[in-house]
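Asks: dropping a prediction and its sequence here:
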Amino acid sequence: MPTREELTRHYAGFSDHRLMALAVNEASGLTPEALEVLRAELHARRLGNELRDVIDIQMRPIPPDEVDELVGRFRRLPCPLCGSVAGMLNAATVATAQSFLVMSTFEKRLVVGCSSCITAAADKADALTGALGWWAIPFGPVHTLQAMRLNARACSAAERQEATVELRQYVEANRGAVVLRLREAERPSERGGPTSGCG
């Protein structure tokens, strides 16, 4: 286990971007001493106040009502894919199947965005799957049908008003990044600046 001095030298060598990424995404996995050194380095770079809440929310379990509040606030952010502020954010899993002779692949990914972007991602995954998914026996057809079922479910989720289970899980698992995005999004409105929409 590294000493405090080694940790201090190690974190001092990080760029601001890498240090912030550590605070936003990995704080919950750090030892108490590493976390203390990280906080000190952030403070020295005048990033400590900005990231205090981001770190704190990763260090404790959050009750369901706090998850609800975070999900509700997160859903009002601009779409991370297209920038639209016209609808509420949601999340759904889309899948693609591709086959090459005797080999078949099946890949899933979570799409977080507005309903239009989720639907577009599901349609694109369906088109790729429909063209390339069938051709390996025996798993090509199996994977193709699995992917198309998931994509149909994603399209249905995009049309619903309520948050999906996937969105709640995403917010809870990435709560440091979510809190940072919320803080960044609130800054322009505090200064009375414009809010961006679709270009």
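Replies: Structure's in. What do you need? Numbers count the residues shown, from 1 in each chain.
Asks: how far does the helix or strand where Thr144 lies sit from the chain's center?
Replies: In this structure, Thr144 sits in helix 139-159 according to DSSP states H and E. Relative to its chain's centre, helix 139-159 lies at 21 Å (Cα atoms, centre = their mean, to the nearest Å).
Asks: in the next helix or strand after it, what's buried?
Replies: Of the helices and strands lying after helix 139-159 in sequence (DSSP H and E), the nearest is helix 165-173. Of the residues in helix 165-173, 166-168, 170-172 count as buried by neighbour count, 16 or more other Cβ atoms under 10 Å. All C-beta atoms are positioned from the backbone trio N, CA, C, and that covers glycine.
Asks: Asp16: neighbour count?
Replies: 11 (other Cβ atoms under 10 Å).
Asks: go on, the one 3 residues further on?
Replies: Around Leu19 sit 19 other residues, with neighbours defined as other Cβ under 10 Å.
Asks: also Ala131?
Replies: Counted with other Cβ under 10 Å, Ala131 comes out at 10.
Asks: which SSE is it in?
Replies: Counting by DSSP H and E, Ala131 is part of helix 115-132.
Asks: same question, Val24
Replies: Here Val24 is assigned to helix 16-25, by DSSP H and E.
Asks: next SSE downstream of that helix?
Replies: helix 32-44.
Asks: assess the claim that Glu33 and Thr8 are in contact.
Replies: No: contact between Glu33 and Thr8 fails when scored by Cβ atoms under 8 Å: they sit 10.2 Å apart.
Asks: look up how far Ala34 lies from Leu7.
Replies: Leu7 is 6 Å from Ala34, where distance means Cβ to Cβ, to the nearest Å.
Asks: rewinding a little: give me the angle between the helix holding Val24 and helix 32-44.
Replies: On the basis of axes from the mean of the first three to the mean of the last three Cα atoms, to 10 degrees, helix 16-25 is oriented at 130 degrees to helix 32-44.
Asks: got a list of what Ser104 touches?
Replies: Contact partners of Ser104, counting by Cβ atoms under 8 Å, 6 or more residues apart in numbering, are 97-98, 133, 136, 139-140, 142-143.
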